[in-house]
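Asker: What would the 3D arrangement of this be:
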Amino acid sequence: MDLQALKDAVPSDVLKLCQTLQRAGHRSWVVGGCVRDLLLASDAASASIRNDWDIATDALPEQVQKLFRKVIPTGIKHGTVTVMLGGVGYEVTTLRGETTYSDGRRPDEVYFVDDIRADLARRDFTVNAIAYDPLEEQLIDPFGGAQDLQHKLLRAVGVAKERFDEDGLRILRGARFVASLGMELEESTAAAMRPSLPTYRKVSPERIRDEWMKTLKTTKPSRGFQVMLDHGMLEVSVPELFSCADFASGHAELDGPIWQHLMQVLDACPPDPVLRTAALLHDVGEPRLQPTDDARQHAELGAQIADGVCARLRFSNAERERVVALVRNHVIDFQALRDAASLRRWMRRVDDCMPQLWELVRADLSATAPERLSLLHGLIYRTEQILQSGMVWSTRDLAIGGKDLMQELGLPPSKQLGVILEALLERVTDEPGLNQRDKLLELARGLVTDAG
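Answerer: The predicted model follows:
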């Protein structure tokens, strides 16, 4: 534990903030995740990139507001204000204790205290219950969080069941910390997770999604999702994934439950949360396949399941659509894309999700059929060639539009215009050289004559 690195990493504005409070007769400490991450950092340079510095103080919110020029009352009911210094906001929270948590999320009441140790006692894990006094250069660690950091042990503060019953999200945060900090669950902390699922069930989908997204950005997200599986969180939130835990994969190349494959592909993808959500769900349709189904139907089933999961967890529409498209298209029939026209149609279907799709398919093939990676690389090369030569993605890219059809062919505004343009798009997909005004108008006349 390098306290010098911690001291050197504290920004000058944080020191000024604490000094201002001290001159007014108050004490202050840097608390929470910033202290934890700074203690973990290998040097002050890597630690100093943090910008979410949280300050605890024995000053009341009203007193803090009087000491600084610009203060935003972000959570003043619970003792938190945001002090703006140099264009950066610093959360300053009055030391507090908490009463019961009836809703499994927020305390029914908070009360202010003057002891930093009492404030730290209400936090979730020991590694988050460490405070640093930058003026006295003193570490306050009443629950042994620094030692737990050294031993890579994630331990709840006090009685784990009590901490988890206060806020059901804490068990999911524990799963994330296992992934992000490379830690192991302390035995009594792990044992308290499943008995706390009734409180976890109260957690809103939005909060669960946010924790998922943070977990998916870690170096090895499978560690977090394994905790979610082992301790019941997936069974509650995403039973579709839970059903994969003991299901033997249909891939002849895989040995064991499909869950192992999902975790391998998940870790192999770049840390893009949307892409990794698709990796997590890409084979979720396999347990739903019927004996008579084509094995490739699992992609369509998976897309339908992924759509429901993303909607339930309140993903944005754009995120949900992208995940569904990636799952639906992750099985590529290389043989069917050997001719250029078929490839162009496929490119139109997958559209702008292609870069992420390459990553998903690469990770999937690496686990199931590495010998086919050469086919993927060849396909990527061919699509790049098509893109460089110009790609007609939709009717908007045609050399003529609806107005041209009305002016040149005398057609009235109607659905027929769209039908003709779609037919022209198909012809241009077959023969890109046809995308010229005169040629398209000639083709359009022929379509109108045939329709008449």
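Asker: can you count the residues close to Thr449?
Answerer: If you count neighbours by other C-beta atoms under 10 Å, Thr449 ends up with 8. Glycine gets a C-beta too; all of them are placed from N, C-alpha and C.
Asker: if I look at it, how far off is Gly308?
Answerer: Distance from Thr449 to Gly308, counting by C-beta to C-beta, to the nearest Å: 47 Å.
Asker: what do you get for Leu39?
Answerer: 41 Å.
Asker: of these two, who's got more company?
Answerer: Leu39 (22 against 13).
Asker: any idea which helix or strand carries that one?
Answerer: In this assignment (DSSP states H and E), Leu39 forms part of helix 33-40.
Asker: from the chain's centre, how far out does that helix sit?
Answerer: 22 Å (C-alpha atoms, centre = their mean, to the nearest Å).
Asker: now do stretch 171-184
Answerer: 15 Å.
Asker: For it, give me every contacting residue.
Answerer: Contact with stretch 171-184 is made by 36, 40, 124-125, 127, 149, 152-154, 156, 164, 185, 189, 193, 196-197, 200, 203, 208, 211, 214-215, 218-225, 227-228, 231, 233, as judged by C-beta atoms under 8 Å, 6 or more residues apart in numbering.
Asker: Which members of those are positioned in strands?
Answerer: Using DSSP state E, the members of the contacts of stretch 171-184 that fall within strands are 153-154, 185.
Asker: The lowest-mean-pLDDT helix or strand in the chain: what's the following helix or strand?
Answerer: Within the chain, no helix or strand scores below helix 44-47, which has a mean of 41 by mean pLDDT, DSSP states H and E. Next helix or strand after helix 44-47 toward the C-terminus (DSSP H and E): strand 54-57.
Asker: Quick check: next helix or strand after that following strand?
Answerer: helix 61-67.
Asker: The following helix or strand past that following helix pairs with which strands, parallel or anti?
Answerer: Downstream of helix 61-67, the next assigned helix or strand under DSSP H and E is strand 71-75. Note on strand 71-75: by DSSP bridges, its sheet partners are strand 80-85 (antiparallel).
Asker: got a list of contacts for the partner strand?
Answerer: In contact with strand 80-85 (C-beta under 8 Å, 6+ apart) are residues 13, 16-17, 55, 61, 64-65, 68-75, 89-94.
Asker: Show me what the helix holding Leu39 packs onto, helices and strands only.
Answerer: helix 3-9, strand 131-133, helix 145-150 (3 or more C-beta pairs under 8 Å, 6 or more residues apart in numbering; DSSP states H and E).
Asker: right, and the secondary structure at Pro142 would be what?
Answerer: At Pro142 the chain is in coil, as set by DSSP: H, G, I helix; E, B strand; the rest coil.
Asker: Would you check how far apart the nearest residue in space to it that is not next to it in sequence and Trp29 are?
Answerer: Of all residues not flanking Pro142 in the chain, Arg117 sits nearest, at 4.8 Å (C-beta to C-beta, 6 or more residues apart in numbering). Counting by C-beta to C-beta, the separation of Arg117 from Trp29 is 11 Å.
Asker: any common contacting residues for these two?
Answerer: Ile140.
Asker: More neighbours: which of these two?
Answerer: Shown here are Arg117 and Trp29; by other C-beta under 10 Å, Trp29 has more neighbours (26 against 14).
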